[in-house]
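S.K.: fold the following for me, if possible:
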Amino acid sequence: MEPTLALSRDSAAGARVAEPKLRIVDDKTMLRAAADLTRDLNAPNRGLYWADLLGSAVLGYGALVVAVLASSTLVTVLAAVVSVLALYRALLFIHEVSHMKHAALPHFRLGWNMVAGIPMLVPSFMYEGVHNLHHAKTRYGTADDPEYLPLALMKPWTLPLFILVSLLAPVGLLIRFAILSPLSWLSPKLRDTVIARYSSLSINPAFRRRIPAGEQRVLFDRLDAAASVWAIALVAMVATGVIPMRGFLIGLGIGSAVALLNQVRTLVAHLWENEGEQMTVTAQYLDSVNVPPPGLLPALWAPVGLRYHALHHLLPSLPYHSLGEAHRRLSAVLEEGSPYHKASYRSALGLMHRIGRSTMVRR
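M.R.: Alright, predicted model coming up:
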């Protein structure tokens, strides 16, 4: 450990008070092992990617149709649960899309957008060009990180608000693509505002994304237009009765449940204990979370490799299907005292309790 001096805000007086804080130095043994032991795991399995995505989407949309058409409440609820879990898995491939080298998986980004991104109004540009900033060594946990807030150090009401606001995500996306998007094409100033403020999956309210240029702007505009057309068509079909209101509300509820599940996963993906200072790679790893086997539930609430979120921060380019093997190799080689083992937790409930307790104790 390397001691350094950090500043924290006194919540009662509002003054800046100096507190001694230990800065975690990089564990070179862990970092070297992570690189050396996984060199053969970097190639994505094309067949698995496509089969997993398409299978999840078919199951999710099929269960959605069953939920809408079923006359039994029990069948509707069970089908809705299946639809939420399957569509959630399909949607989370946006994380892989944001990290992959597209030449290694030709047309996968396009396929994902057609199967999940556009239908669910979360085109890939909502994450591409944003999520990579979260992995920048000098940005993680700072005010420039779009995906970080010191949630464990904030007021107790922040956590329930953080979770519950996600229920409004489908309505917000409809407004974004059915109203703001077409209006923005008429006003360059509004267009820049929509791109900067309403075109990213971020939790930092101060974040503003850069306006894309060149080929990225062309792709952005095409995907934005496609999502806008679909959103307007969806609203029109509901307004004219082509899609019954009951079916629309069930779909909206499933979308809200997917957003809620993802928000809960986000809450336990990190410890959220950094107050803005730059962190070493090892410190970033320890502020992140693995929930490895033998637990089974994380495979549902943190699918597509996200149960190994801390390991992903060590090896962000590793395909999701390789993370389990990478974890087994590193766990076997690194000694018990290694920081590697300190990022593994048993369940989401324990993590939520830890974060909630942190906000209460801080008060």
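
S.K.: now do the host helix or strand of H313: distance to the chain's middle.
M.R.: Taking DSSP states H and E as the definition, one finds H313 inside helix 309-314. Computed by C-alpha atoms, centre = their mean, to the nearest Å, the chain-centroid distance of helix 309-314 equals 13 Å.

S.K.: and stretch 129-138, by the same measure?
M.R.: With C-alpha atoms, centre = their mean as the basis, stretch 129-138 stands 13 Å off its chain's centre.

S.K.: ok, residues contacting that stretch?
M.R.: With contacts defined as C-beta atoms under 8 Å, 6 or more residues apart in numbering, stretch 129-138 is touched by 95, 98-99, 139-140, 144-148, 200-202, 207, 209-210, 212, 216, 278, 281, 284, 313, 316. For the C-beta atoms, the positions are set from N, CA and C on the backbone; glycine is no exception.

S.K.: how far does that stretch stretch from one end to the other?
M.R.: From its first residue to its last, stretch 129-138 covers 16 Å (C-alpha to C-alpha, to the nearest Å).

S.K.: buried residues in that stretch?
M.R.: For stretch 129-138, a neighbour-count test (16 or more other C-beta atoms under 10 Å) marks 129-131, 133-135 as buried.

S.K.: could I get the residues you listed as TSV with pLDDT?
M.R.: Shown next, in TSV, are the buried residues of stretch 129-138 (pLDDT from 0 to 100):
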residue	pLDDT
G129	91
V130	95
H131	95
L133	94
H134	96
H135	94
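
S.K.: of those residues, which belong to strands?
M.R.: With strands taken from DSSP state E, there is no overlap with the buried residues of stretch 129-138.

S.K.: what about these, which are in helices?
M.R.: 131, 133-134 (DSSP state H).

S.K.: now do the longest helix seen in the chain: distance to the chain's middle.
M.R.: Secondary structure of the chain per DSSP H: the longest helix is helix 214-239. Distance, stretch centre to chain centre, for helix 214-239: 22 Å (C-alpha atoms, centre = their mean).

S.K.: cool, stretch 267-277 as well?
M.R.: Offset of stretch 267-277 from its chain centre (C-alpha atoms, centre = their mean): 14 Å.

S.K.: what stretches of this structure score poorly on pLDDT?
M.R.: Applying pLDDT under 70 to the chain flags residues 1-22, 362-363.

S.K.: residues touching the residue most central in space within it, list them.
M.R.: In the chain, the centroid-proximal residue (C-alpha atoms, centre = their mean) is T266; its distance is 6.2 Å. Residues counted as contacts of T266 (C-beta under 8 Å, 6+ apart) are I203.

S.K.: what about it, distance to P244?
M.R.: 33 Å (C-beta to C-beta, to the nearest Å).

S.K.: do I24 as well
M.R.: With distances taken as C-beta to C-beta, I24 is found 56 Å from P244.

S.K.: R265 touches L300, doesn't it?
M.R.: No - using C-beta atoms under 8 Å, R265 makes no contact with L300, being 10.1 Å away.

S.K.: burial count for the closest residue to K101 other than its chain neighbours?
M.R.: Residue nearest to K101 in three dimensions, not counting chain neighbours: S317, with 7.9 Å by C-beta to C-beta, 6 or more residues apart in numbering. By the measure other C-beta atoms under 10 Å, the count of residues near S317 is 12.

S.K.: and if you look at the one 4 residues further on?
M.R.: Residues contacting H321 under the criterion other C-beta under 10 Å number 16.

S.K.: tell me which residues of the longest helix of the chain are tucked away?
M.R.: Under the neighbour-count criterion of 16+ other C-beta under 10 Å, helix 214-239 has 219-220, 223-224, 226-228, 230-232, 234-235, 238 buried.

S.K.: any chance of these in CSV, plus distance to S56?
M.R.: As requested, these are arranged in CSV below (distance: C-beta to C-beta, whole Å):
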residue, distance to S56
L219, 24
F220, 25
L223, 20
D224, 24
A226, 21
A227, 20
S228, 25
W230, 19
A231, 22
I232, 27
L234, 21
V235, 26
V238, 25
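
S.K.: ok, these vs L53, which is closest?
M.R.: Closest approach to L53 among these (C-beta to C-beta): L223, at 17.0 Å.

S.K.: how much space separates that closest one from S181?
M.R.: 11 Å.

S.K.: any residues in contact with both of the two?
M.R.: Counting by C-beta under 8 Å, 6+ apart, nothing touches both L223 and S181.

S.K.: how about the helices in the stretch 1-150 of the chain?
M.R.: Ranges of helices in the stretch 1-150 of the chain, per DSSP state H, counting those that start in this stretch, are 28-36, 46-69, 73-91, 93-99, 108-112, 131-134.

S.K.: re earlier: buried subset of the contacts of stretch 129-138?
M.R.: Buried, going by 16+ other C-beta under 10 Å: 95, 98-99, 139-140, 144-148, 200-202, 207, 209, 212, 281, 284, 313, out of the contacts of stretch 129-138.

S.K.: ok so, going back, can I assume the residue nearest to the centre of the chain sits in a helix?
M.R.: Yes - the assignment for T266 (DSSP: H, G, I helix; E, B strand; the rest coil) places it in a helix.

S.K.: separation between it and V130?
M.R.: 14 Å.
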